[in-house]
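Visitor: make a model of this:
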Amino acid sequence: MRLLFSYMGSKRRSIDDINRLLPDADCYAEPFAGSSVVFLNLTKEYSMYGINDINPVLVDFIKQIPYFEAQEFIDWGKHCNDKWGFMHGSDEERKNKYYDFRNEWNKKYFSSMKNNKNLKATFEFILLANMCINHMVRFSPNGFNQSWGDRFPSDKKLKTIGETIKYLQTIEDRIRVTSEDVFSILPQFNDSGYFLFLDPPYSLTDSSYKLIDYDKFYSALRGMKCKIMLTDVLKYTDGKINKGLQGLIDEGWLKQDIDSIKNISPNRGETEVGYNEVILMNYKVDKPKQNMFF
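Guide: Okay, here's the model as predicted:
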């Protein structure tokens, strides 16, 4: 699997389901890119790719792809390992080195990432993202704030990221990277030649990442000319229904159950949190799976 880093709500576990349901289209667009794991692992090829996330840090690495080679990133990762000693010392010492590295990155780079042209900032964010707890990237207004995950950027991990970089460079002239609000970006993709993969922040959870007006969002999708695949939570443990999502189903969008959402803790492992995620599509698929509803 091609991977740069993980992010909350990542569809890493659902890649196979998503790929089985991909439609034909000229262009692919992902307005909530996050870790871009779906884009990175598409089995269908498109003539153009629009990658967007309102957080510019998340898509900066892809934006910088034309300006460096994979080996440059690998060498810088090894340099940081040597300089900071991430793989040496006691657990407490390695943890403190991580926090020092994180604090230095925030101080030097975070405020300027929207218009970043510094490859060191780009490289070191990817290293941070692969050292934090569960590889789950998280930000506060003051910068990257995820905790130490007792991990380090091993040679194997650097090689995996290097292979992802090489893939991206084969299609770099077909990628357009932006950092816009979803309501600004959606009209740019409102064309029958586009396929949109939409993975917004979960609307039925207690997360603090409810960054959009969901009623407005679902309403905007209804009039779009493009093909759309949308993921979200339909039903919560207390029986609460996502009315916006259910409305699309009632109007004829196809539904596919994909996964039970889990919390991941280094102490407790994976635990079910009691709600399932679904895929909705406004287009027909050639060979629907058994549990798909029309």
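Visitor: please pull out the lowest mean pLDDT helix or strand from the protein.
Guide: strand 254-265 (a mean of 66; mean pLDDT, DSSP states H and E).
Visitor: OK, contacts around Ile133?
Guide: By Cβ atoms under 8 Å, 6 or more residues apart in numbering, the residues touching Ile133 are Gln146, Ser147, Trp148, Gly149, Asp150, Pro266. From N, CA and C alone the C-beta is placed, and that goes for glycine too.
Visitor: next one: the fourth one from Val137, what distance?
Guide: Going back to what we said before, that points to Gly149. 11 Å (Cβ to Cβ, to the nearest Å).
Visitor: which of the two has more neighbours?
Guide: Val137 (24 against 17; other Cβ atoms under 10 Å).
Visitor: how about the more buried one, phi and psi?
Guide: phi -70, psi 140 (degrees, to the nearest 10).
Visitor: of the contacts of Ile133, which is the most crowded?
Guide: In terms of neighbours by other Cβ under 10 Å, the contacts of Ile133 top out with Gln146 at 19 neighbours.
Visitor: got a list of what that one touches?
Guide: Gln146 neighbours (Cβ under 8 Å, 6+ apart): Leu128, Cys132, Ile133, Met136, Val137, Arg138.
Visitor: swap the cut-off to 6 Å and go again
Guide: Applying Cβ atoms under 6 Å, 6 or more residues apart in numbering to Gln146 gives the contacts Cys132, Arg138.
Visitor: how far away is it from Lys11?
Guide: From Gln146 to Lys11 the distance is 20 Å (Cβ to Cβ).
Visitor: kindly report the same for Gly244.
Guide: With distances taken as Cβ to Cβ, Gly244 is found 20 Å from Lys11.
Visitor: okay, the two: which has more neighbours?
Guide: Taking other Cβ under 10 Å, Gly244 and Lys11 do not tie; Lys11 has more neighbours (21 against 16).
Visitor: okay, now the closest residue to the more buried one other than its chain neighbours: neighbour count?
Guide: Once flanking residues are discounted, Lys11 sits nearest to Val38: 5.3 Å by Cβ to Cβ, 6 or more residues apart in numbering. Around Val38 sit 24 other residues, with neighbours defined as other Cβ under 10 Å.
Visitor: surely Val38 and Arg13 touch.
Guide: No: using Cβ atoms under 6 Å, Val38 is not in contact with Arg13; the gap is 11.4 Å.
Visitor: now the residue nearest to Lys11: which helix or strand?
Guide: helix 37-40 (DSSP states H and E).
Visitor: residues in contact with that helix?
Guide: By Cβ under 6 Å, 6+ apart, the list of residues contacting helix 37-40 reads Arg2, Ser10, Lys11, Arg12, Ile18, Glu30, Ile51, Phe197.
Visitor: now tell me which of those the prediction trusts least.
Guide: Within the contacts of helix 37-40, Ser10 has the lowest pLDDT, namely 71.
Visitor: go ahead and confirm that residue touches Ser35.
Guide: Yes: the criterion here is Cβ under 6 Å, and Ser10 meets it with Ser35 at 5.3 Å.
Visitor: looking at those two, which has the bigger crowd around it?
Guide: Taking other Cβ under 10 Å, Ser10 and Ser35 do not tie; Ser35 has more neighbours (25 against 20).
Visitor: find the nearest non-adjacent residue to that one, please.
Guide: Ser35 sits nearest to Tyr7 (Cβ to Cβ, 6+ apart), 3.9 Å away.
Visitor: got the contacts of helix 37-40 as TSV, with distance to Gly85 and secondary structure columns?
Guide: Listed next are the contacts of helix 37-40 as TSV, based on distance: Cβ to Cβ, whole Å; DSSP: H, G, I helix; E, B strand; the rest coil:
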residue	distance to Gly85	secondary structure
Arg2	29	coil
Ser10	29	coil
Lys11	35	coil
Arg12	30	helix
Ile18	40	helix
Glu30	37	strand
Ile51	35	strand
Phe197	40	strand
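Visitor: report the two of those separated the most.
Guide: Every pair in those was compared (Cβ to Cβ); the two farthest apart turn out to be Arg12 and Ile51, at 16.7 Å.
Visitor: same drill for the two, tell me which one is more crowded.
Guide: Ile51 (21 against 16).
Visitor: the more buried one against Ala33, yeah?
Guide: Yes: the pair Ile51 / Ala33 is scored as a contact, 4.9 Å apart, by Cβ under 6 Å.
Visitor: need the residues touching each of the two.
Guide: Common neighbours of Ile51 and Ala33 (Cβ under 6 Å, 6+ apart) are Val59.
Visitor: start and end of stretch 131-141, how far apart?
Guide: End-to-end distance of stretch 131-141 (Cα to Cα, to the nearest Å): 20 Å.
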